[in-house]
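**Q** coords please:
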Amino acid sequence: MTFSPDALRRWPDAEGDGLVAMDAADRLILDESASARASVAAGALVVIGDAYGALTLGAADGGARGIRVHQDPLTGERALAANAERTGLEGTFTSLPLEAALVRDAAVVLLRLPRSLDALRDIAALVAAHAAPDVVVFAGGRLKHMTPAMNDVLREHFGRVDITHARQKSRVLIARGPHDGHDPAPARTEVDGLVVCAYGGAFAGASIDIGTRLLLEHLPTEVPRSGLVIDFACGTGVIAAALATRHPDLDVYATDQSAAAVASSRATAHANGVGERVGVVRDDLLSSASDASASFIALNPPFHTGAAVTPDIAPRFFADAARVLRPSGELWTVWNSALRYRRALERIVGPTRQIARNAKFTVAVSVRS
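**A** Numbers count the residues shown, from 1 in each chain. Purely as a prediction, here's the structure:
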């Protein structure tokens, strides 16, 4: 089967009108890197931040093999695998963590620029530390999401950064001459007696966002113990660490689809001395948890997927929480009050009552009916 952008899908991520699996920035990165990729040996091409497989499969269709790939969201990995099967390009790539093995001796790196400068800094430092001395990085994105600060971050670890002409509201930064590389390490701060650790790209970084802070302030003093206690969409793991710290005999299950979030949560748990009682899993929703296995779930649901904002995300989280909760189990949710999730919680999970509300956020508990 011949590769075609029209064959790519976002599944298992949200799909719908205006939500595309390949955009102009992906096409520009592939075009700008074409000549460099043509002379690269098998195993020397790395792709980072590929949303749904457009970069990886576009390169594979051009003849690249042994491609090493890192995608932060698990849904991205699954979309890449499904798209590879759909286009007949299975076996052309390997998915790896954001570690030295991903970029060791790489000659060409295709990078979809992350929104977070800290995430870009982690990637640039890792490539500079372990890629070939003559590595070339093609880092592209949509103009509306790019800033001059991204050039500055790349210059922290590369001697030369060139900027291509814009095309279809996209641009590519081309970096050469790696220097001063190092392996990423989490940022670390202490907030209200809790140590927060965050790798680049983790939501809110090494701080506690105001929604999570409100949820922390109103978590129940007693937590049901008849089933799993879950920090759902755990981010940096502050809810999981707080629950484990407040209840010394409690084991907590934390889950997030982001690789950066999972690494951050593990670091946060260990920094607070509860690493042995907080199990962290990279998962799409709660797919690894059995039906009716949890008595308590805490959730600060995302409202966007990548750069796309859609109202369809939170209800998927509510539905999977409802599946996993035991009868009478509790889902404690915080959300931006303007999103008005209460009606959806009532319909999907069960009776819902408000616990707290400030100028911006609402905390509510829903009881599984």
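**Q** ok but Glu190 is inside a helix, no?
**A** No - secondary structure of Glu190 (DSSP: H, G, I helix; E, B strand; the rest coil): strand, not part of a helix.
**Q** stretch 132-143 - what's its average pLDDT?
**A** Averaged over stretch 132-143, pLDDT sits at 98.
**Q** show me how far it is from its chain's centre.
**A** Put simply, stretch 132-143 sits 21 Å off its chain's centre (Cα atoms, centre = their mean, to the nearest Å).
**Q** now swap in stretch 358-369 and tell me
**A** Using Cα atoms, centre = their mean, the offset of stretch 358-369 from its chain centre is 25 Å.
**Q** what's it in contact with?
**A** Residues from elsewhere that reach stretch 358-369 (Cβ atoms under 8 Å, 6 or more residues apart in numbering): 210-211, 214-215, 218, 322, 325-337, 341-342, 345-346, 349-357. Every C-beta, even on glycine, is put in place using the N, C-alpha and C of the backbone.
**Q** pull out the buried residues from these.
**A** Neighbour counting by 16 or more other Cβ atoms under 10 Å classes 211, 214-215, 322, 325-326, 329-335, 337, 341-342, 345, 349-350, 352, 355 among these as buried.
**Q** ok, which stretches of the stretch 101-250 of the chain are helices?
**A** Using DSSP state H, counting those that start in this stretch, the helices of the stretch 101-250 of the chain run over 117-130, 148-155, 210-218, 238-246.
**Q** show me what counts as buried in the shortest one.
**A** This points to helix 148-155. Applying 16+ other Cβ under 10 Å to helix 148-155 flags 150, 153-155 as buried.
**Q** so, low pLDDT: which residues of the stretch 201-350 of the chain?
**A** Scanning the stretch 201-350 of the chain for pLDDT under 70 picks out 303-311.
**Q** what number of residues lie near Gly237?
**A** Gly237 has 32 neighbours, counted by other Cβ atoms under 10 Å.
**Q** hmm, it is touching Ser265, no?
**A** Yes - proximity of Gly237 to Ser265 meets the contact threshold set by Cβ atoms under 8 Å, at 2.9 Å.
**Q** now for these two: what residues contact both?
**A** In contact with both Gly237 and Ser265: 231, 254, 278, 280, using Cβ under 8 Å, 6+ apart.
**Q** surely the last one meets Ser258?
**A** By that I understand Val280. No - using Cβ under 8 Å, Val280 is not in contact with Ser258; the gap is 11.2 Å.
**Q** residue contacts, the residue nearest to Ser288 when sequence neighbours are not counted?
**A** Of all residues not flanking Ser288 in the chain, Val281 sits nearest, at 5.7 Å (Cβ to Cβ, 6 or more residues apart in numbering). By Cβ under 8 Å, 6+ apart, the residues touching Val281 are 253-255, 262, 288.
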